[in-house]
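[1] Attaching a predicted model along with its sequence, questions to come.
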Amino acid sequence: MQDYKMLIGGAWVGASGGESFETENPYLGAPWALVPRATTDDVDRACEAARKAFRAPSWAGLTATARGALLRRLADLIAAEADRLAEIETRDNGKLITEMRAQLRYIPQWFHYFGGLADKVEGRVIPIDKPGMINFTREEPLGVVAAITPWNSPLMLATWKLAPALAAGNTIVWKPSEFSSVSALEFARLFEKAGFPPGVVNVLTGFGSEIGERLVSHPHVAKIAFTGGDRTGQSVYELAARSIKPVTLELGGKSANIVFKDADLENAVKGVVSGIFAATGQTCIAGSRALVHRSIQDEFVGKLVELGRTARMGDPLLETTQVGPITTRSQFKKVLDYIDIAKGEGARPVLGGSQASRPECGNGWFVEPTIFADVKPSMRIAQEEVFGPVLSVIAFDDDEEAIEIANDTQYGLAAGVWSQNIKTVFTLAQRLEAGTVWINSYRATSYLSPFGGYKRSGIGRESGLTAIREYLQEKSVWIDTIGEVANPFVQR
Ligand code: NDP
């Protein structure tokens, strides 16, 4: 087993307590690497290193153009290593090699884009109402950004934070998920190779339950950028509030894929199936509710089952595999518990509905692609995020009811609309309470387009032009050009 070190202040180090933990391969259900178990002392060291780097001329003194060039150099290094990093991600989180490879090959675009944006952030000159005064603004970095990331798309979701934060001139303490630390550590090597000064990017591996609180509340940390579950997100937000820190939170979802009776059903079936079974449902944007017009419900469910049944499960490292294992033991148990809950609530399983015991699944943590019909909007299976390959089909009778059901959850991350009617799609695009709405498609994301949640799905936006603003603060500078300060005791 390879024994990894973490990155603090430009040095590869073990945890100060001397401990490491095993990271497991979900397909084999067995450990494959050792990773340092950071302590709160390590958090202090990393935050100190990041603050020092933030103030050091080697980073603070770089022009925005030079910062951008570093990011673009990094992009090229990632592109060259993409397939190797993808394989590590698959070994660590069990997601399909085809998906992780596609993600890794796409990640460089974020670093190119934000690298290009770094020197296009401009302040303003205000036509100020005080004679003889010049007033202008500067866009300045916040300082040390704590990036806390999950296991489902580890490097992609980290990239969404690191690229704009670094382009803006911040420094980073990155805490990857305990279930996907190895790819983070390998990725961090590329920052060194690209020439980022020591301490600009620090990686702390370990358990969120042990070091998360210290990191979020650390006095040197100026901002928290978090992706993960909404309960953890809530506690991060509460802690951040105590020290008045801004946050970007990208949390869960219970996204609706809404199929109208005039939809192209063949396309809609493919969209709904990929919306829930791609990534084994372990994605924040999973289209975990299919809202289907009652008149086509039986036909549509029949088609979903027909396609869902063809999914090939097995070794995620094989290119032919279409549905991989669940990433963690506890998530595996959680998904099976939700299946039991749904059955108990009276939802009717029409596909799957159990652990997968196919020979090609070995000892891995596999759940059969599962579809429940006859789901009522009030059921827990229709309200709570499962984060697994479990689809709830809910019937609706008219457009108003579809909108009502779609919006009737605490989440608001994404939605899909399947219809050929321009009025329907435009109305839905306006009225759905979701940060992203896909029309006759599902799952597209891009470095160019903002991504984030409404309601309990999160705060702030990642990707696109506005994302860099999440990592900047505006300073107002006043210059007196008259050279004569008035007597403070004489009112003008
Ligand atoms: P968490 O929200 O617990 O983990 C996300 C990140 O937060 C990890 O790096 C984790 O570290 C860290 N963390 C954990 N506790 C704290 C804390 N107290 N303070 C600061 N950081 C902390 O997600 P899980 O992995 O446990 O998954 C739970 C659920 O979250 C899933 O079932 C799913 O519903 C949802 N989820 C949503 C994701 C999304 O993309 N929106 C991604 C992943 C999960 P560590 O791994 O060491 O615990």
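    That came through, no problem. Numbers count the residues shown, from 1 in each chain.
[2] quick one: pLDDT of N25?
    Among the per-residue scores, N25 holds a pLDDT of 88.
[3] Which positions in the stretch 351-492 of the chain make contact with the ligand?
    Within the stretch 351-492 of the chain, the positions near the ligand by Cβ under 6 Å from any ligand atom are 385, 387. All C-beta atoms are positioned from the backbone trio N, CA, C, and that covers glycine.
[4] where are the low-confidence patches of the stretch 351-492 of the chain?
    Low-confidence segments of the stretch 351-492 of the chain (pLDDT under 70): 492.
[5] Quick check, the residue in it closest to the ligand?
    Relative to the ligand, the nearest point of the stretch 351-492 of the chain is F387 (3.6 Å; Cβ to the nearest ligand atom).
[6] Spatially nearest residue to T23 (excluding sequence neighbours)?
    Using Cβ to Cβ, 6 or more residues apart in numbering and skipping the chain neighbours, the partner closest in space to T23 is A33 (5.0 Å).
[7] The residue sitting nearest the centre point of the chain: what's it in contact with?
    For the chain, L157 is the residue whose C-alpha lies nearest the centre (Cα atoms, centre = their mean; 4.1 Å). Neighbour list for L157: 149-150, 227, 250 [criterion: Cβ atoms under 8 Å, 6 or more residues apart in numbering].
[8] Ok, A75 next?
    A75 touches 108-112, 115, counting by Cβ under 8 Å, 6+ apart.
[9] Most neighbours out of those residues, which is it?
    Among those, the one with the most neighbours (other Cβ atoms under 10 Å) is F111, at 28 neighbours.
[10] tell me the phi and psi of it?
    Phi and psi for F111, reported as degrees, to the nearest 10, are phi -70, psi -30.
[11] did I read that right, W174 in a helix?
    No: counting by DSSP: H, G, I helix; E, B strand; the rest coil, one finds W174 to be strand, located in no helix.
[12] Can you tell me who it pairs with across the strands?
    Legend: beta-bridge partners of W174 under DSSP bridges are A147, V203.
[13] For S457, which non-adjacent residue is closest in space?
    Closest residue to S457 apart from its sequence neighbours, by Cβ to Cβ, 6+ apart: L413 at 3.9 Å.
[14] residues near the one you found, how many?
    27.
[15] which helices and strands sit right next to whichever strand or helix holds G271?
    Using DSSP states H and E, G271 maps to helix 265-277. Here helix 265-277 touches strand 256-259, helix 297-308, strand 390-396, strand 414-418, going by 3 or more Cβ pairs under 8 Å, 6 or more residues apart in numbering; DSSP states H and E.
[16] now those as CSV including mean neighbour count?
    Below are the helices and strands packed on helix 265-277 laid out as CSV (neighbours: other Cβ atoms under 10 Å):
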stretch, mean neighbour count
strand 256-259, 29
helix 297-308, 18
strand 390-396, 25
strand 414-418, 29
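[17] For K376, which of the ones you listed is the nearest?
    Among those, the nearest to K376 by Cβ to Cβ is strand 390-396 (7.2 Å).
[18] and the closest one, which strands flank it?
    If you go by DSSP bridges, strand 390-396 pairs up with strand 289-293 (parallel), strand 370-373 (parallel).
[19] So what's the model's average confidence on the first one?
    Here strand 289-293 scores 98 as its mean pLDDT.
[20] now what about it, what contacts it?
    By Cβ under 8 Å, 6+ apart, the residues outside strand 289-293 that reach it are 254-261, 272, 276, 300-301, 304, 375, 382, 391-397, 402, 405-406.
[21] wait, doesn't P377 sit right on A406?
    No: applying Cβ atoms under 8 Å as the test, P377 and A406 come out as separate, 9.4 Å apart.
[22] Provide the count of other residues in contact range of the residue of the stretch 1-150 of the chain found nearest the ligand.
    Going by Cβ to the nearest ligand atom, the ligand is nearest to P150 of the stretch 1-150 of the chain, at 3.3 Å. Per other Cβ under 10 Å, the neighbour tally for P150 reads 24.
[23] Output the set of residues of the stretch 1-150 of the chain in proximity to the ligand.
    So far as Cβ under 6 Å from any ligand atom goes, the stretch 1-150 of the chain lies against the ligand at 148-150.
[24] what's near enough to touch F136?
    Shown in contact with F136 (Cβ under 8 Å, 6+ apart): 123-126, 476-477, 479.
[25] re earlier: which of the helices and strands packed on helix 265-277 sits closest to E266?
    Nearest to E266, of all the helices and strands packed on helix 265-277, is helix 297-308, at 7.8 Å by Cβ to Cβ.
[26] so what does the helix or strand that comes right after that closest one touch, helix or strand wise?
    Where DSSP H and E defines the elements, the next helix or strand beyond helix 297-308 is helix 329-345. Helices and strands touching helix 329-345, by 3+ Cβ pairs under 8 Å, 6+ apart, are strand 348-351, helix 380-383, strand 390-396.
[27] Model confidence at the residue of the stretch 251-400 of the chain found nearest the ligand, what's the number?
    In the stretch 251-400 of the chain, the residue that lies nearest the ligand is C284 (3.2 Å; Cβ to the nearest ligand atom). At C284, the model reports a pLDDT of 94.
[28] In which helix or strand does it reside?
    Per DSSP H and E, there is no helix or strand for C284.
[29] Counting neighbours, what do you get for it?
    By other Cβ under 10 Å, 27 other residues sit near C284.
[30] how near is the residue nearest to the centre of the chain to the ligand?
    Distance of L157 to the ligand, given as Cβ to the nearest ligand atom, to the nearest Å: 7 Å.
[31] Figure out the helix or strand that that residue lives in.
    For L157, the enclosing helix or strand under DSSP H and E is helix 154-167.
[32] Just put the strands paired with strand 390-396 in CSV and tack on distance to N93.
    Below are the strands paired with strand 390-396 laid out as CSV (distance: least, Cβ to Cβ, whole Å):
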stretch, distance to N93
strand 289-293, 25
strand 370-373, 20
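[33] Just send those strands back as JSON lines, with mean neighbour count and distance to R55 too.
    Below are the strands paired with strand 390-396 laid out as JSON lines (neighbours: other Cβ atoms under 10 Å; distance: least, Cβ to Cβ, whole Å):
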{"stretch": "strand 289-293", "mean neighbour count": "28", "distance to R55": "48"}
{"stretch": "strand 370-373", "mean neighbour count": "26", "distance to R55": "52"}
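[34] So for M100, which of the ones you listed sits nearest?
    When the strands paired with strand 390-396 are compared by Cβ to Cβ, strand 370-373 sits nearest M100, at 23.3 Å.
[35] Just the C-alphas of that closest one, formatted as CSV.
    Presented in CSV, the C-alpha positions along strand 370-373 are these (Å, rounded to 0.1, in the frame of the first residue of the first chain):
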residue,chain,number,x,y,z
THR,A,370,-34.0,1.1,-8.7
ILE,A,371,-37.3,2.7,-9.8
PHE,A,372,-40.3,3.2,-7.6
ALA,A,373,-43.7,4.0,-9.2
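[36] Contacts for that strand, please.
    Applying Cβ under 8 Å, 6+ apart, the contact partners of strand 370-373 are 297, 301, 304-305, 308, 339, 342, 347-354, 381, 389-393.
[37] Good, we can wrap up now.
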